[in-house]
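J.: dropping the sequence and predicted coords here.
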Amino acid sequence: MYIKLFCPAKVNLFLEVLDKREDMYHNLDTVMQSVNLCDTVCVDVCQNDGAACNKITVRCDSDKVPDGKENIAYRAAELFLSSFDIRGYNIDITIEKKIPVQAGLAGGSADCAGVLTALERLFELKKEHERILTLAATLGADVPFCMKGGCAHAGGKGEKLSSLPSITPDYTFLVAKAGMGVSTGEAYSYMDGPRNKKSSEALVSHLRTGNISAMCFELYNAFERVVCPRRPMVELAKEVMNSSGALGSLMSGSGPSVFGIFAVTDDAEAAHEQLIKLGYDAHVCFALM
Ligand code: ATP
């Protein structure tokens, strides 16, 4: 029995880093939107006659992502099986990577969410969905959002989700990544000093009323001021998108990916062409419901 799922990337429409918690994570005020830039995750489950343990294999087509135990998808399967005391199965996971790696697009979290969703269906554990969401949060702060998809505000370390209306496919997204980002640890290390913190309230209110042009004025990522001066390709991607007619552009997560939102698809296509020529890994896509 197997299930094949498309696992979408997310972009942060808003990201403010709040106080540092006792568990060393930071509280966040963030709004995430999934886009149809997807990895494909195939999970094949078969009973392993007579065996008391499970055998999990993970293969990924990208040389930037490890196979086997080092892959975050392995941990998701292992955690699922041990939490529900499931034994004697072979679980084969195959990942086709399309989401740029280490890009602030939650690629690993998307694959984890795909594995949990596939196993929930294959083992018919839909009634345990809330418990599976709790497991998801232990794998990574973005994993619960990736299981839910669409658009949501997230508080806490990213796991306290409230649904919002998604941006409709009337708008086109362009997502572009070049080079390596600043490490997530380094990016967070600049966040604890005194500074004025922004709230997602205005952006959320424009999303609720569907005023996307106004929402684009409220796009904000606290990490930009740390990453942009150190990674000129981030600023350049924003410039290309803005000068091609984007309603707004922003770095996603701790970078280095940048996304733009366009009212005119041809404008997004023109910016896409320019960014590809400049060496970016760029993708035209849409928001998902
Ligand atoms: P986030 O936006 O959640 O911070 P990210 O886009 O910055 O995520 P990922 O693409 O999830 O980062 O990858 C982070 C690291 O995890 C990489 O070094 C990668 O080698 C490793 N990794 C392990 N498994 C996976 C996977 N299935 N997909 C992507 N990366 C994986």
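T.: That came in fine, so what should we check first? Residues are numbered from 1 along each chain as shown.
J.: helix, strand or coil for the residue of the stretch 51-200 of the chain found nearest the ligand?
T.: Using Cβ to the nearest ligand atom, residue 108 is the residue of the stretch 51-200 of the chain that sits closest to the ligand, at 2.7 Å. Bear in mind the C-beta positions are built from the backbone N, C-alpha and C, glycine included. Put simply, residue 108 is helix when judged by DSSP: H, G, I helix; E, B strand; the rest coil.
J.: got the contact list for residue 189?
T.: For residue 189, the contact set (Cβ atoms under 8 Å, 6 or more residues apart in numbering) is empty.
J.: distance check, it against residue 224.
T.: 16 Å (Cβ to Cβ, to the nearest Å).
J.: spatially nearest residue to the residue of the stretch 51-200 of the chain closest to the ligand (excluding sequence neighbours)?
T.: residue 72 (4.4 Å; Cβ to Cβ, 6 or more residues apart in numbering).
J.: residue 110 too?
T.: Spatial nearest neighbour of residue 110, chain neighbours left out: residue 7 (4.0 Å); criterion: Cβ to Cβ, 6+ apart.
J.: number of nearby residues for the one you found?
T.: Neighbour count for residue 7, taken as other Cβ atoms under 10 Å: 29.
J.: that one contacts residue 43, doesn't it?
T.: No. The pair residue 7 / residue 43 is not scored as a contact, 11.0 Å apart, by Cβ atoms under 8 Å.
J.: output the set of residues of the stretch 151-289 of the chain in proximity to the ligand.
T.: Residues of the stretch 151-289 of the chain lying close to the ligand (Cβ under 6 Å from any ligand atom) are 184, 253.
J.: show me where the stretch 151-289 of the chain has helices.
T.: 184-189, 201-209, 212-216, 224-227, 232-243, 265-277 (DSSP state H, counting those that start in this stretch).
J.: I am finished for the moment; much appreciated.
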